[in-house]
Structures are given as structure tokens and as C-alpha cells.
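Asks: Give me the fold of what follows.
(chains A and B)
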Amino acid sequence: MLNTPMDGFTLNPATRYWPGQFFPGALAQMEILRRANLYRPRWFVVPDDFNQPIPPYGTLEYQIKVGPASYLWGYRFVNLGPPPEREELAPADIYIQITDSCTGIGLFSEFVNGSASALYQTAPQRRGAQFPYLLPQPRLILEPGLVNVEMSSTSAEEVTCQLTLLFAEPCSIVDERGSRRSI
Amino acid sequence: MANPRMSVPLVPSFALSAPQIIPPNRYDRELERDNGIFRQIVALGGLKTLCCPTARNWDKPPYLVMPEDARQFQVIDSIALPNPGDPEQVVTQMIVPVGYAGVITSVVNYWTGAGFIDGSGDLVWRIKVGPVYARDFGEILTALGSLTSPCTLFRGGLRLRTFQRVQYLFSHSALSGLAGGRIVCGFLGWFYPTS
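Replies: Take a look at the predicted model:
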């Protein structure tokens, strides 16, 4: 019998393994990744400078570089108000697209509204949603390991927001003599 | 942001007194096999080539040079100048036909009245592609081109995907003192078949 992988998902008491639910189903798709020894988590924040707002009616384009053969497995988005409170706001005016540069294929068929991936929850039916948002299946990012992110605003005001992309990145093995080898 | 394939410490932090090397397990080998399959797909031309073998191969990018079987479009319309502070209005719009992609190579927007100062913010045009404003066209504060000499978009123009809605929007600032005349907007370009 397999041991339960000990990670944040296992230790999160809010995770309900109900049949027919998306979250435990998506988690099951990550089983191999969670059990692999040579992958480590790496999170990227876009934009990495929190004080880089999206101008009114503007688009922020960003490219991040991950190790080739990394897996993108989740994401979360937050839209924040002005300082100093930085109160969380509804992200209805932000649209996001994430594209793997190797294949040129977007994660979504069209820009997706920020509300689809945000923590902001006022509607009763959305309370208790699980975070982060998991992809139905981890997405392999091949050479050159570039991921393009576009965040577009339809707001008349500057928008300060952050998108967090959650990757699992492969590690190379260093043996006792200090030389590297592949898996 | 540079992120080379890192050599990582194979020593868990809780085991400093008894270092050990964590070996790859069968799940790592499964992932490596998955990785190998995708590398092979890339070597064979990528997902688009393998999954869409009927896709057209163009001599030159069809969004730069108009192919023979492309269809030109010239969508131009006008509305009476709305009252200052009125909600944003759609002046003209189009939908890319199914099975075609497209490119907007020229745009035109202006007001037929007199007294508008470019950049004053009294009149604002926007081009919306799908749910978002096109890059650099989210807030056009100046008149662009004319019907006899539209404003050409260099270096490829605005690319469009199949069944995408494109709108030319206009808003009249509440602080504006302009009145009368018409707002004219238009897109020019071509649709080309994707297969």
C-alpha cells in the first residue's frame, strides 16, 4: 500500500475528498508529481514588483523563465486597493492569459476574467472554495522554459494586482563526487 | 529571474546530522518518460503540426503579406457625437468569420466637427478585441487618419483569431465643450483562412 504523500494538501484539513468534486479530482491528477523525489515547488509572482500597477485600459506583459521540464500546476490571483490598507478588491476588470512559449498554446482559449482565479469571495456560493486553483492536469513546460503572462485591465483606474503561478521544478542529482547526472 | 536547472541539495533540512541523498523514485522516472514524449513531439514539429496536419504552411506570414485567398475588409461607420458624459458607445464592430484569422492593418477615427485638440481627453476612442482592449489602443486620445488616408499599423498590425469580436468604442468626456458633428471609426485589413 502506498504511503500518503506528506505535503500541504494532505495536511490541509479543509480539503474534502468528496467524489465528483473538482479539487480532489485535480489533486489526484497531481499524484505522481506529489510523490516524485526530484521536483521542488517554485512560485512565481507576476508582476514581481508589487508597485508596478497596470495603467488604465492597459495591458501588462510579462515573461517568466522556469527550468525546462517544470510543471505548472496551479495559480491564484489577487487585486488589491491603494496603500496603506491594500484591501482586497473584486477583480472583475482584469483579464488574464498565460501562454507556454514552447508550444504557443494558451492556458485559456481567450483572456479569462480575474474573478475566475481570485480569493475575493463575497457571494455565499463561492465561500469555502479551495485555493490555489489547480489545473485539471499539471502542464509540462518544455525548453526554453518560458511562460508569457498577459494581464489586461478594462478599468479607468490604475490596478495593483498579483498573479501567483505555482510550478514544480525538476532538480538535477548531484552524486557523492559532486558531478551531476540526469534522472 | 534567471533560473537554470538547479543543482539542489539532496539533504533535507531536518536531517543535517545524517545527510542522505534522495534518489529518484519511480514517479520521477514516470515524469521523465512524460517529458521524453513531449520532447519527441517538439522534435517532430510540435503539437500544432501533429494535431493539425491540414494547417496551411505559408511562404510568408499571412498577417504580414496578404495571401491570395484572403478576404479584405473595410468596416467603417459613424455615430452622432454623444452628449458629454454619456456612457461609452460602440461606433462599429465586426466578428472574425469562423475558419478565418485576421489582421487589422489600418485604423481610422476622427470627429467631423471643429475645435477638438488632440490629446485633450475630450474625445476618447478604444479598440476592444475579445474581452480586452488591444495593446496600446485602450485609450486613444488623438484622431487617427482619415477615410482617404487611414492610419497604418506597422510591424504586423493587430492580429485576430477566429470568431473574435472587435469593437471600436467611443466616449465623450463630461468636461468637454464640444458639440455637433459625427464620430467616424473604421478598421481595414484582411481575413485569411486558417486551414
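Asks: Check which helix or strand whichever residue of chain A sits closest to chain B maps to.
Replies: Residue nearest to chain B within chain A: A:Y57 (2.9 Å; C-beta to the nearest C-beta). C-betas here are computed from N, CA, C, even on glycine. For A:Y57, there is no enclosing helix or strand under DSSP states H and E.
Asks: For it, give its distance to A:S153.
Replies: 6 Å (C-beta to C-beta, to the nearest Å).
Asks: so is the spatially closest residue to B:L153 that is not a sequence neighbour in a helix, a strand, or just coil?
Replies: The shortest distance from B:L153 to any non-neighbouring residue, by C-beta to C-beta, 6 or more residues apart in numbering or on different chains, is to B:T105 (5.9 Å). Reduced to three states with DSSP: H, G, I helix; E, B strand; the rest coil, the structure at B:T105 is strand.
Asks: Pairing partners for the helix or strand containing B:D77, with directions?
Replies: B:D77 belongs to strand B:71-80 when assigned by DSSP H and E. Strands that pair with strand B:71-80, judged by DSSP bridges, come out as strand B:182-193 (antiparallel).
Asks: Let me see the ranges of the strands in chain B.
Replies: B:71-80, B:89-95, B:100-111, B:123-129, B:132-133, B:151-152, B:158-160, B:165-172, B:182-193 (DSSP state E).
Asks: Could you name the stretch from those strands that's closest to A:L27?
Replies: When the strands of chain B are compared by C-beta to C-beta, strand B:132-133 sits nearest A:L27, at 31.4 Å.
Asks: does any part of that closest one sit near chain A?
Replies: Yes. Residues of strand B:132-133 contacting chain A under C-beta under 8 Å from any C-beta of the partner chain: B:V132, B:Y133.
Asks: what about the residue nearest to B:L153, how many residues close to it?
Replies: Using other C-beta atoms under 10 Å in any protein chain shown, the number of residues around B:T105 comes to 20.
Asks: Kindly report the same for B:P67.
Replies: 16.
Asks: Could you pull up the residues touching it?
Replies: By C-beta atoms under 8 Å, 6 or more residues apart in numbering or on different chains, the contact set of B:P67 is B:W58, B:Y192, B:P193.
Asks: Check B:A179 too.
Replies: Each residue near B:A179 by C-beta under 8 Å, 6+ apart is listed here: B:L81, B:G113.
Asks: Check B:E88 too.
Replies: B:R126, B:L169, B:F170, B:S171.
Asks: Can you add distance to B:R29 and give those residues back as a markdown table?
Replies: Shown next, in a markdown table, are these (distance: C-beta to C-beta, whole Å):
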| residue | distance to B:R29 |
| --- | --- |
| B:R126 | 52 |
| B:L169 | 54 |
| B:F170 | 59 |
| B:S171 | 59 |
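Asks: ok, and the most crowded of these?
Replies: Neighbour counts for those peak at B:F170, which has 23 neighbours (criterion: other C-beta under 10 Å).
Asks: quick one: B:L160 and B:V129 touch, right?
Replies: Yes. B:L160 is within contact range of B:V129, at 6.6 Å (criterion: C-beta atoms under 8 Å).
Asks: which neighbours do the two share?
Replies: Residues touching both B:L160 and B:V129 (C-beta under 8 Å, 6+ apart): B:V166.
Asks: Quick check: closest non-adjacent residue to B:Q74.
Replies: B:L188 (4.9 Å).
Asks: count of residues packed around the one you found?
Replies: B:L188 has 20 nearby residues by other C-beta under 10 Å.
Asks: in the host helix or strand of A:P24, what's buried?
Replies: A:P24 is part of helix A:22-29, with elements assigned from DSSP H and E. By neighbour count with 16 or more other C-beta atoms under 10 Å in any protein chain shown, helix A:22-29 contains the buried residues A:F23, A:P24, A:A26, A:L27.
Asks: do stretch B:25-36 as well
Replies: For stretch B:25-36, a neighbour-count test (16+ other C-beta under 10 Å) marks B:Y27, B:D28, B:L31, B:E32, B:D34, B:N35 as buried.
Asks: Check the average confidence over it, would you?
Replies: Taken as a whole, stretch B:25-36 carries a mean pLDDT of 92.
Asks: And for it, what's in contact with it?
Replies: Stretch B:25-36 has contacts (C-beta under 8 Å, 6+ apart) with A:32-33, A:35-39, A:69, A:71, A:140, A:142, A:170, A:182-183.
Asks: rewinding a little: of the contacts of B:E88, which fall within the contact range of chain A?
Replies: Checked against chain A using C-beta under 8 Å from any C-beta, the contacts of B:E88 yield the following neighbours: B:R126.
Asks: Where do the strands of chain A begin and end?
Replies: Assigned strands in chain A, in chain order: A:39-46, A:59-65, A:70-80, A:94-100, A:112-113, A:133-141, A:146-153, A:160-170, A:173-174, A:180-181 (criterion: DSSP E).
Asks: so which of the ones you listed comes closest to B:P62?
Replies: Nearest to B:P62 among those is strand A:94-100; the distance by C-beta to C-beta comes to 19.9 Å.
Asks: Just the mean pLDDT for that closest one, thanks.
Replies: 94.
Asks: Now the residue nearest the centre of chain A. Nearest residue, chain neighbours left out?
Replies: Nearest to the mean C-alpha position of chain A, by C-alpha atoms, centre = their mean, lies A:Y75 at 2.0 Å. Leaving aside its sequence neighbours, A:Y75 sits nearest to A:L165 (C-beta to C-beta, 6+ apart; 5.2 Å).
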